[in-house]
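**Q** next come a sequence and a model predicted from it.
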Amino acid sequence: MNKVLILNNSHSEFDLIKNFLKLKKFKVFTTGSRQPFVRSNIKHYEIDYTNIPKIEKIIKKKKINLIISCANDLGLYSLLKLKTSKLIDTKKTLNNLLNKFSFRKYYKGIPYYKFNKKINNYNFPILLKKKISSGGKNIYKIDNFDQLHKIKVKKKDYFYEKFIEGTDHGVFTIIKDKKIFFSFFDNEQRFTNPYTVSSTSSCTNIPATIQKKFLKEILKIVLDLKLVDGILHFQVKYNKLKKKIYIIEVTRRIPGDRYMKFVEYATGINVCKLYIDLHLNKNLLIQKNTKKKFILRKIIFAKKNGKFLKFIISNKIKKNIIETTFISKKNEIINDYMNQRLAIFFLKFNNKKLLVKFTNNIDTFIKIKFK
């Protein structure tokens with residue numbers, strides 16, 4: 001029997017684990033510093049996925065022959081150190097993509113500046129960002145010089161970039177043989193934290209001509225950096241006036257918060273299985289599905305800290321809910337409401353008009369009650 005090790009076991013790896021469990025010839029192992037999200041039919045080791053010596057012992061002892069990264073950039077560096085996967089870029093390439101400052105030096109899409117409080121030629125507003133970070137953390141919007149000079153962070157870890165006006169989007173692609181095998185554009189929305197995605201909808205407002213142009217830019221990156229097969233996922237801003245897409249973030253791992261299931265609901269294509277097939281060196285096959293599906297993925301955040309009691313769901317959308325993943329439990333303490341996920345709802349609508357209407361007001365239809 002083949003054995004696969006997945007380098008985390010949270011709600012974000014749920015679909016990856018479940019798709020492997022469907023392959024009866026595989027035994028699934030997971031690591032992670034917390035209690036596993038998926039518990040049935042797997043063997044979990046409660047160790048951090050960055051702990052290379054301990055993971056190497058597990059690989060050797062259990063004779064694991066396939067290792068797959070998780071929904072965190074650090075998992076990619078673990079995979080690189082383990083030297084067991086063909087689907088991993090070089091360290092230099094990973095740094096060019098995952099270090100935000102290095103990527104901006106390489107790609108030169110958004111004007112950026114080194115961290116220096118003495119410079120007085122900034123065109124406000126600007127963003128202060130940590131070079132290596134994820135999940136919308138360690139980002140600060142600065143509107144004037146007073147705010148600029150009050151910032152207290154480690155200079156070497158941060159940089160500034162120009163604040164870009166526009167709508168928020170995700171662009172998900174699967175790379176095969178230095179070509180874009182699959183692509184998907186969405187619309188993103190924010191809740192309390194302006195730098196963390198709270199919902200995604202399947203109908204993007206980026207025109208097809210702009211999408212096509214951006215895919216050509218992606219292909220240039222693929223060829224220039226000689227990227228191996230795998231996922232290449234972007235968060236972008238679309239400026240309608242300039243008719244231009246700006247890359248905000250880029251990664252080579254699976255997106256978090258069950259994004260791949262969202263893509264599957266929206267397109268009818270199991271992109272998680274395609275990702276697995278890449279690792280198994282299988283031919284990738286897609287059944288053409290031209291029918292549009294109007295899907296919303298809603299990630300639930302609270303407005304404040306406190307003791308979570310339950311969700312209050314309006315009768316107006318109950319019939320639209322097709323699946324729910326509960327992350328937080330009753331009486332759980334919310335102590336980081338800006339980042340702590342409580343649940344993920346998938347909703348389906350009959351047309352684009354309804355999708356847009358409910359997306360814009362979804363936080364009035366799904367609420368949180370505190371104890």
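**A** It's in.
**Q** how much space separates the spatially most central residue of the chain from residue 335?
**A** For the chain, the residue nearest the mean C-alpha position is residue 255 (3.0 Å; CA atoms, centre = their mean). For residue 255, the distance to residue 335 equals 25 Å [CB to CB, to the nearest Å]. All C-beta atoms are positioned from the backbone trio N, CA, C, and that covers glycine.
**Q** strands along the stretch 51-200 of the chain, start to end?
**A** Here the stretch 51-200 of the chain has its strands, by DSSP state E, counting those that start in this stretch, at 66-68, 112-114, 126-130, 139-142, 158-162, 167-176, 179-185, 187-190, 197-201.
**Q** show me where the stretch 201-350 of the chain has its helices.
**A** 208-225, 259-267, 271-279, 315-318 (DSSP state H, counting those that start in this stretch).
**Q** export the longest one as CSV, just CAs?
**A** The C-alpha coordinates for helix 208-225 follow below in CSV (Å, rounded to 0.1, in the frame of the first residue of the first chain):
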residue,chain,number,x,y,z
ALA,A,208,-12.3,38.3,-20.3
THR,A,209,-9.8,40.4,-22.4
ILE,A,210,-8.0,41.5,-19.2
GLN,A,211,-8.1,37.9,-17.9
LYS,A,212,-6.5,36.7,-21.0
LYS,A,213,-3.8,39.3,-20.9
PHE,A,214,-3.0,38.5,-17.3
LEU,A,215,-2.7,34.8,-18.0
LYS,A,216,0.0,35.7,-20.5
GLU,A,217,1.8,37.5,-17.7
ILE,A,218,1.5,34.4,-15.5
LEU,A,219,3.0,32.3,-18.2
LYS,A,220,6.0,34.6,-18.5
ILE,A,221,6.6,34.1,-14.8
VAL,A,222,6.2,30.3,-15.2
LEU,A,223,8.8,30.2,-18.0
ASP,A,224,11.2,32.8,-16.6
LEU,A,225,11.4,31.0,-13.2
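**Q** out of everything not next to it in sequence, what's closest to residue 10?
**A** Excluding its sequence neighbours, the residue lying closest to residue 10 (CB to CB, 6 or more residues apart in numbering) is residue 37, at 5.1 Å.
**Q** hmm, I typed the wrong one, I wanted residue 343.
**A** residue 300 (4.5 Å).
**Q** what number of residues lie near the one you found?
**A** 25 (other CB atoms under 10 Å).
**Q** mind listing what it touches?
**A** Going by CB atoms under 8 Å, 6 or more residues apart in numbering, residue 300 touches 311, 341-345, 366, 368.
**Q** so can I have JSON lines of these showing pLDDT, neighbour count and distance to residue 133?
**A** Shown next, in JSON lines, are the contacts of residue 300 (pLDDT from 0 to 100; neighbours: other CB atoms under 10 Å; distance: CB to CB, whole Å):
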{"residue": "311", "pLDDT": "94", "neighbour count": "16", "distance to residue 133": "30"}
{"residue": "341", "pLDDT": "94", "neighbour count": "20", "distance to residue 133": "17"}
{"residue": "342", "pLDDT": "95", "neighbour count": "19", "distance to residue 133": "22"}
{"residue": "343", "pLDDT": "97", "neighbour count": "18", "distance to residue 133": "24"}
{"residue": "344", "pLDDT": "98", "neighbour count": "23", "distance to residue 133": "22"}
{"residue": "345", "pLDDT": "98", "neighbour count": "23", "distance to residue 133": "27"}
{"residue": "366", "pLDDT": "95", "neighbour count": "19", "distance to residue 133": "28"}
{"residue": "368", "pLDDT": "92", "neighbour count": "21", "distance to residue 133": "27"}
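**Q** next, format those as JSON lines and append distance to residue 56.
**A** Output for the contacts of residue 300, formatted as JSON lines (distance: CB to CB, whole Å):
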{"residue": "311", "distance to residue 56": "42"}
{"residue": "341", "distance to residue 56": "31"}
{"residue": "342", "distance to residue 56": "36"}
{"residue": "343", "distance to residue 56": "36"}
{"residue": "344", "distance to residue 56": "33"}
{"residue": "345", "distance to residue 56": "39"}
{"residue": "366", "distance to residue 56": "43"}
{"residue": "368", "distance to residue 56": "42"}
